[in-house]
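*Asks:* fold the stuff below for me.
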Amino acid sequence: MSARKLSPPKAEEEARKGQIRQVNEALILSAGERVFARAGFNGATVAEIADAAGLPKANLHYYFGSKHELYRAVLARTLHDWLLPLEGLTPESDPGQALAAYIRAKMAMSAQRPDASRVFANELLHGAAVVGELMRSELRATVRRKAAVIDGWIAAGRMAAVDSTHLFFTIWAATQTYADFELQVCAVLGREQLGARDHERATEHVVSLILRGCGLAPHGLG
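*Replies:* This is a model prediction of the structure:
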């Protein structure tokens, strides 16, 4: 059976609806990040999230059937966005450049979307009941693939011998601390909040420190 073809006006209408859906879902997910980060899952309300998104409460229920469904979507989006930059680590990549780009991407997320990191960290601290399966499947599989790439670089003498799996733990800890423990960093630096210059300074430090530990500095910096 051939696929049903839409008339041009109908196809345009479907495309328009699809775009509206994408925009609204993004608004709701971003609002969910902010509200869940401050109130936690139990303290957050659907009405508060809809308010933060600037949408009617009915719209939120239309796109996400329940608060639990939205919470899981927020966590899944965060994990997906954290893993996406790892695709730059390939056997053919320059190790220093690829690792520096990955670290910079993670640092940028901590600066631009700190609430996403805080929601994820809070979920882990409370037992990872919702995101646990994603970590045991998608996260584990991705880390194994990319650890194999790093092991290949090491075997080829392109970087120092390090524990490739624990290297990821180190990168995550170093980059996410600027979101999860921003108040601590601000207290030590004497800031009300971290500014662009603070994030730039932190990024250069983390990139340099990790690359040097991998025997790659100063190659790949900049």
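
*Asks:* residue ranges in the protein under the pLDDT threshold?
*Replies:* 1-15, 17, 218-222 (pLDDT under 70).

*Asks:* would you list the phi and psi of the spatially most central residue of it?
*Replies:* By CA atoms, centre = their mean, the chain has its centre lying nearest to Trp82, at 3.2 Å. With angles defined as degrees, to the nearest 10, Trp82 sits at phi -70, psi -40.

*Asks:* next: Gly157.
*Replies:* Dihedral angles (degrees, to the nearest 10) for Gly157: phi 70, psi 20.

*Asks:* one more: the one 5 residues further on?
*Replies:* Backbone torsions for Val162, taken as degrees, to the nearest 10, come to phi -130, psi 170.

*Asks:* count the residues that sit near it.
*Replies:* 17 (other CB atoms under 10 Å). Placement of C-beta: from N, CA and C, glycine included.

*Asks:* longest helix anywhere in this protein?
*Replies:* As assigned by DSSP state H, the longest helix anywhere in the chain is helix 8-43.

*Asks:* packing partners of the helix or strand following that one?
*Replies:* Note on helix 8-43: by DSSP states H and E, the next helix or strand toward the C-terminus is helix 46-53. Identification of packing neighbours for helix 46-53 by 3 or more CB pairs under 8 Å, 6 or more residues apart in numbering; DSSP states H and E yields helix 8-43, helix 57-63, helix 67-83.

*Asks:* put the alpha carbons of helix 46-53 into CSV.
*Replies:* Output of helix 46-53 as CSV, limited to C-alpha atoms (Å, rounded to 0.1, in the frame of the first residue of the first chain):
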residue,chain,number,x,y,z
VAL,A,46,2.0,21.3,37.1
ALA,A,47,0.4,24.7,37.5
GLU,A,48,3.7,26.3,38.5
ILE,A,49,5.5,24.7,35.5
ALA,A,50,2.8,25.8,33.1
ASP,A,51,3.0,29.3,34.6
ALA,A,52,6.8,29.3,34.1
ALA,A,53,6.4,28.2,30.5
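
*Asks:* now do the buried residues in it.
*Replies:* Buried positions in helix 46-53, judged by neighbour count with 16 or more other CB atoms under 10 Å: Val46, Glu48, Ile49, Ala50, Ala52, Ala53.

*Asks:* hmm, the fifth one is touching Val35, no?
*Replies:* Yes. Taking contacts as CB atoms under 8 Å, Ala52 lies within contact range of Val35: 5.6 Å.

*Asks:* in stretch 195-209, what's buried?
*Replies:* So stretch 195-209, judged by 16+ other CB under 10 Å, has buried residues Asp198, His199, Ala202, Thr203, Val206, Val207, Ser208.

*Asks:* that should have said stretch 26-40, apologies.
*Replies:* Buried residues in stretch 26-40 (16+ other CB under 10 Å): Leu27, Ile28, Leu29, Ser30, Ala31, Gly32, Glu33, Arg34, Val35, Phe36, Ala37.

*Asks:* Throw those residues into JSON lines and include distance to Thr142, thanks.
*Replies:* Compiled in JSON lines, these are given as follows (distance: CB to CB, whole Å):
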{"residue": "Leu27", "distance to Thr142": "28"}
{"residue": "Ile28", "distance to Thr142": "26"}
{"residue": "Leu29", "distance to Thr142": "21"}
{"residue": "Ser30", "distance to Thr142": "24"}
{"residue": "Ala31", "distance to Thr142": "27"}
{"residue": "Gly32", "distance to Thr142": "24"}
{"residue": "Glu33", "distance to Thr142": "22"}
{"residue": "Arg34", "distance to Thr142": "27"}
{"residue": "Val35", "distance to Thr142": "28"}
{"residue": "Phe36", "distance to Thr142": "24"}
{"residue": "Ala37", "distance to Thr142": "24"}
